[in-house]
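[1] sequence first, predicted model second:
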Number of protein chains: 2
Amino acid sequence: MITRLSQLFVRTLREDPADAEVPSHRWLVRAGYIRRAAPGIYSWLPLGLRVLQQVEQIVREEMDAIGAQEVRFPALLPREPYEATNRWTEYGATLFRLSDRKGADYLLGPTHEEMFTLLVKDLYSSYKDLPLSLYQIQTKYRDEARPRAGLLRGREFVMKDSYSFDVDDAGLEASYQAHRQAYIRIFDRLGLEYVIVKAMSGAMGGSASEEFLAVSPTGEDTFVRSPAGYAANVEAVQISAPPAQDASGIGPARTVDTPNTGTIVELVDIANAQFPRPDRAWTAADTLKNVVFTLVQPDGRSELLVVGLPGDREVDPKRLEAALAPAEATPVTEEDFAANPGLVRGYIGPAALDGGPARSYLGVEGPLKVRYLTDPRVVQGTAWITGANVVDTHAVDVVCGRDFTSDGVLDVAEVRDGDPAPDGSGPLSLARGIEMGHIFQLGRKYADALGLKVLDENGKLVTVTMGSYGVGVSRAVAAVAEATCDDRGLAWPRALAPFDVQVLATGKGEEILDAATKLAEELDARGVRVLLDDRKASPGVKFTDAEIMGMPTSVVVGRGLAEGLVEVRDRASGERTGVPLANAVDYLVAVAGR
Amino acid sequence: MITRLSQLFVRTLREDPADAEVPSHRWLVRAGYIRRAAPGIYSWLPLGLRVLQQVEQIVREEMDAIGAQEVRFPALLPREPYEATNRWTEYGATLFRLSDRKGADYLLGPTHEEMFTLLVKDLYSSYKDLPLSLYQIQTKYRDEARPRAGLLRGREFVMKDSYSFDVDDAGLEASYQAHRQAYIRIFDRLGLEYVIVKAMSGAMGGSASEEFLAVSPTGEDTFVRSPAGYAANVEAVQISAPPAQDASGIGPARTVDTPNTGTIVELVDIANAQFPRPDRAWTAADTLKNVVFTLVQPDGRSELLVVGLPGDREVDPKRLEAALAPAEATPVTEEDFAANPGLVRGYIGPAALDGGPARSYLGVEGPLKVRYLTDPRVVQGTAWITGANVVDTHAVDVVCGRDFTSDGVLDVAEVRDGDPAPDGSGPLSLARGIEMGHIFQLGRKYADALGLKVLDENGKLVTVTMGSYGVGVSRAVAAVAEATCDDRGLAWPRALAPFDVQVLATGKGEEILDAATKLAEELDARGVRVLLDDRKASPGVKFTDAEIMGMPTSVVVGRGLAEGLVEVRDRASGERTGVPLANAVDYLVAVAGR
């Protein structure tokens, strides 16, 4: 059955929607594929739904191919299982919570580890039942603080989530690798340029995890790569700490007057002018900057946290968030400073914190009880220029391990182009990507919390080990749109396009519409999915709409008909080919690969 | 690819689940098709999901066939559109409501009239764009007071809902009839025995509506039929009022002592003994019973409501609920009686209420301000024995229109087998059914509330008229199971069965499993969907499980193999046929209709 544009529920828009930040969002709305229903919540119009269903089908086929079995869980879930794993609390404000008419607590599932674990526990009891992989393609909910970019970060979205169950670590590794291969096939079929990077496990817990990122300048994730193959999300980069240094030649820490040093640059300038190093100039990397945050736990408890890092680097907010999750670091307020007069803004040094074994250089009494974590570069024996906890005053030759210690390491400084890869594989380069898939070796966290055990070969109860694996299905629609659209509209790869061919009847004669309809019907009979633009509209409008809507091929049946010609246009390349009407069906069947 | 039962994620249960009230629920759980996640909320296991997806596909095909276009809305919806139509309030406790992290109100969609109306308003503006029918197959939420019977009344469920948009009433009628025909084809394909009955529109609003009920003794709905074709849900029966009577020959109302008349039967006995009628005996139908309720509006306001009806009939709770929706009638409490001493329990008569023009027969002063609604049989000139608002006292010859009036008619008395059909088509018989589909002529209610207008042929803005149409997709799985299961398990019709054929390898020899596997593979190659029971289990276990799981055909490869025979079993009829192994593939391909 051919679809007629005159009857298709779609309207293209001439203007960009006000809230569209990225091209895929702009074009999916303008082309009539999706419409916003609420912030981060979208309705799928017929064209968009066809793309979504095709992504679903590709994912389904590849999951079936590795022997994963499809199930479907509810989205409305009881509180208790999530309470057992503490995720009811840990998810914080990102979880949509509600009560039913009897006052029982429910949530809208952001991911389903608990439910799958309980279901397998319900049905299975022996190692003979394993390995097992289950998946669902289902609507998920996360109350994102900043829903953005249309489908790229929504609050209601479609995800394929799967879960593997194995009796031992080798089994988990095999299930993980099978999923990894399936994901490679999925993203290859979607036609995405992607990278597989080391990732943080975040709220999911577990040990190893990798992300599939679609390379895109509008992506929210930043990743790094080295020439020799290191690849990681910046959140997951663990920088290699330098070796401890010999500080025996460094004089005692001393304070110096540093008036008007509001910035690190000013501080370095003063240092070089007033107390120059003999060997080289001071740089920002010689300064130890101490940044104050409030660390808020999911249950609401909070405390101050000071992060010490070399002054040439900023704290990367996403690395910080990932490192501290499920706790959150929020900016410190005026009130916090007022309540802690020992924290002298702009001049905070480790001596004011609770880490130092020797504060004689400053004579500070009764240090604050503040959690102090330092960058991995702040190792034993390194000497720093840092705040002296007095306005307009800094301390010099403050040696780590001698003059202060910290409560631990926190690796949250920004990663920069040219930084060495942690594995020694060369300098890193940064790029951005859209998280399309995430695979986790969960291990026994959920099985332990919910008591999923099976009898092993020796009749002994052992805890099952699990993996969890996600694909952003609705996000994939946007990611492919983002990768393929241009300044004229969408340009779908054939595997995802709602239709193979858009037939445009351009011109007023009855015979033009007749010829276009006949061509569309013949293509349809040959298995080509056809959208016929039969509207009473000008050729210009039809050309523009065809480019916005983005079917891979369009055929113009119009002026050339008098000479027995139609014009075939390739959306992606813009190439135009005159084809005799008599050959058009065969030509287009070949182009469409039907 | 053949599916091996040894690897399929399923376990049959030997015991009925504790909460299973109806056979379909019992067997769907015992056969491993579904599992309960919370009250009224179920997870679909692989076998169940296959059935569900097949129902979805049938529905999709028939909706596409009438030119309806598939879209998909979110389930998480903003409050505002539902506020505009007042359904945010009217839905009462049945609506799942929640707030997001910013405090904005949301609901989980129970049905999507508002959202579709707004989307069409967003895209369309002319009569030329209509007619239009849109549909979705989507997860819906209703916080039912009494979720029951597994999938038959769930709180999270899958529905196909569609909406038609027309410029005038004739268009709506055509769209409605198209849907009606599509529903007939859908329920025919599902193999259900069903009736189409007049229905109440309930919370949906609108004028005409019909329900498709699957005839089933476990159904929640009661419907009536007459020999000549009248059919209605009891909720929608509108009984025909008798003509007004001439009461001129009836003497003035008078009170009589009626000690110990706690029941209507006792009252009638006393009446016949103490003040007999000359023409015939008094019956319960001569008494006017007045039942008190508290009427609660969705916004919480409440008032007393007295329903007057002939004493031989009870108030039907479901007719009452349907007639008063969105308000609810709740039982009156001791406190209500205490607060209204004018309401003498067991002896309430119209004179105590605010309806009567002439209360001289009782001399009651200052009647209560109570809403009083009467049965359609209580017409002008009818005379009644009724309460006299004094303990142990009744009033006789109380004539409607002379001695009292009511505030209106409320048709909520029970309908009984043998009652006359309202259209004169003969006596009614009652039966029960499961609501599978509901089609509504909504008219302009939603378009008015949300401002959906288009320009008509004369360039004038007209309000669009709408229909809404629902199919219970997940409920259909249960309804078909309910109609086809027996005391041994499920017995699917071929169109919905997860597999066509279950191949049972029964016996220990390697050659039996080999022959069964070979047969399964050959069937699979011929397009038959095969489930191979390759488990290390006794023949008895395999036979029992095959009957519980309910594939239409099973093949036993076992003892007969020595003579080159397999046994083909038809699940529904129980028929067993020996078939030579050499012919088995052709035989089964034919049976499966592949």
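    Nice, thanks for sending it over.

[2] the stretch 451-594 of chain A: helices as residue ranges?
    Using DSSP state H, counting those that start in this stretch, the helices of the stretch 451-594 of chain A run over residues A:473-484, A:510-525, A:539-549, A:581-592.

[3] in CSV, list the ones you listed along with distance to chain B and mean neighbour count.
    (Each C-beta comes from the backbone N, C-alpha and C, glycine too.) Below are those laid out as CSV (distance: least, CB to the nearest CB, whole Å; neighbours: other CB atoms under 10 Å in any protein chain shown):
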stretch, distance to chain B, mean neighbour count
helix A:473-484, 10, 27
helix A:510-525, 14, 17
helix A:539-549, 14, 19
helix A:581-592, 21, 17
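
[4] out of these, flag the one nearest B:D411.
    Nearest of these to B:D411, taken as CB to CB: helix A:473-484 at 48.3 Å.

[5] alpha carbons of that closest one, as CSV, please.
    Only the C-alpha atoms of helix A:473-484 are listed here, as CSV (Å, rounded to 0.1, in the frame of the first residue of the first chain):
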residue,chain,number,x,y,z
VAL,A,473,16.6,3.0,21.3
SER,A,474,14.8,6.3,21.1
ARG,A,475,18.2,8.1,21.5
ALA,A,476,19.5,6.1,18.5
VAL,A,477,16.9,7.7,16.3
ALA,A,478,18.3,11.1,17.3
ALA,A,479,21.9,10.0,17.1
VAL,A,480,21.5,8.7,13.6
ALA,A,481,19.6,11.9,12.6
GLU,A,482,22.4,14.0,14.2
ALA,A,483,25.0,12.1,12.2
THR,A,484,23.3,12.2,8.9
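
[6] poorly predicted segments of chain A, please.
    Chain A contains residues with pLDDT under 70 at A:201-207, A:354-369.

[7] residue nearest the centroid of it?
    A:E435 (3.7 Å; CA atoms, centre = their mean).

[8] element containing that one?
    If you go by DSSP states H and E, A:E435 is part of strand A:429-443.

[9] and that strand, what does it pack against?
    helix A:169-189, strand A:194-198, strand A:209-215, strand A:221-225, strand A:465-472, helix A:473-484 (3 or more CB pairs under 8 Å, 6 or more residues apart in numbering or on different chains; DSSP states H and E).

[10] parallel or antiparallel, list what pairs with the fourth one.
    In this case it means strand A:221-225. Sheet pairing for strand A:221-225, assigned by DSSP bridges, gives strand A:231-233 (antiparallel), strand A:429-443 (antiparallel).

[11] just want the angle from it to strand A:194-198.
    If you take axes from the mean of the first three to the mean of the last three CA atoms, to 10 degrees, strand A:221-225 sits at 80 degrees to strand A:194-198.

[12] pull the CA atoms of strand A:221-225 into CSV?
    Extracted in CSV, the C-alpha atoms of strand A:221-225 (Å, rounded to 0.1, in the frame of the first residue of the first chain):
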residue,chain,number,x,y,z
ASP,A,221,30.0,12.8,26.8
THR,A,222,33.6,13.6,26.4
PHE,A,223,36.0,10.8,25.7
VAL,A,224,39.7,10.5,25.1
ARG,A,225,41.7,8.4,22.7
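
[13] quick one: name the residues of the stretch 301-450 of chain A near chain B.
    By CB under 8 Å from any CB of the partner chain, no part of the stretch 301-450 of chain A sits against chain B.

[14] mind listing the helices for the stretch 301-450 of chain A?
    Under DSSP H, counting those that start in this stretch, the stretch 301-450 of chain A gives helices at A:317-324, A:334-339, A:445-450.

[15] what's the answer for the stretch 1-150 of chain A, then?
    Under the criterion DSSP H, counting those that start in this stretch, helices of the stretch 1-150 of chain A are mapped to A:23-30, A:46-65, A:79-84, A:87-90, A:113-123.

[16] ranking these by burial, who's on top?
    Across the helices of the stretch 1-150 of chain A, averaging neighbours per residue (mean count of other CB atoms under 10 Å in any protein chain shown) puts helix A:23-30 on top, at a mean of 25.

[17] is A:E435 in contact with A:E210, as I believe?
    No. A:E435 lies out of contact with A:E210 (CB atoms under 8 Å); the separation is 10.9 Å.

[18] next, work out how far apart A:E314 and chain B are.
    27 Å (CB to the nearest CB, to the nearest Å).

[19] still on that earlier bit, export the helices of the stretch 1-150 of chain A to CSV and tack on distance to A:Y347?
    As requested, those are arranged in CSV below (distance: least, CB to CB, whole Å):
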stretch, distance to A:Y347
helix A:23-30, 45
helix A:46-65, 55
helix A:79-84, 45
helix A:87-90, 36
helix A:113-123, 46
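
[20] and B:Y106, which of those is closest to it?
    Shortest distance between B:Y106 and these, using CB to CB, is found for helix A:79-84: 18.2 Å.

[21] check whether that closest one contacts chain B.
    No. Residues of helix A:79-84 contacting chain B under CB under 8 Å from any CB: none, with a closest distance of 9.1 Å.

[22] how far is that helix from where the chain is centred?
    26 Å (CA atoms, centre = their mean, to the nearest Å).
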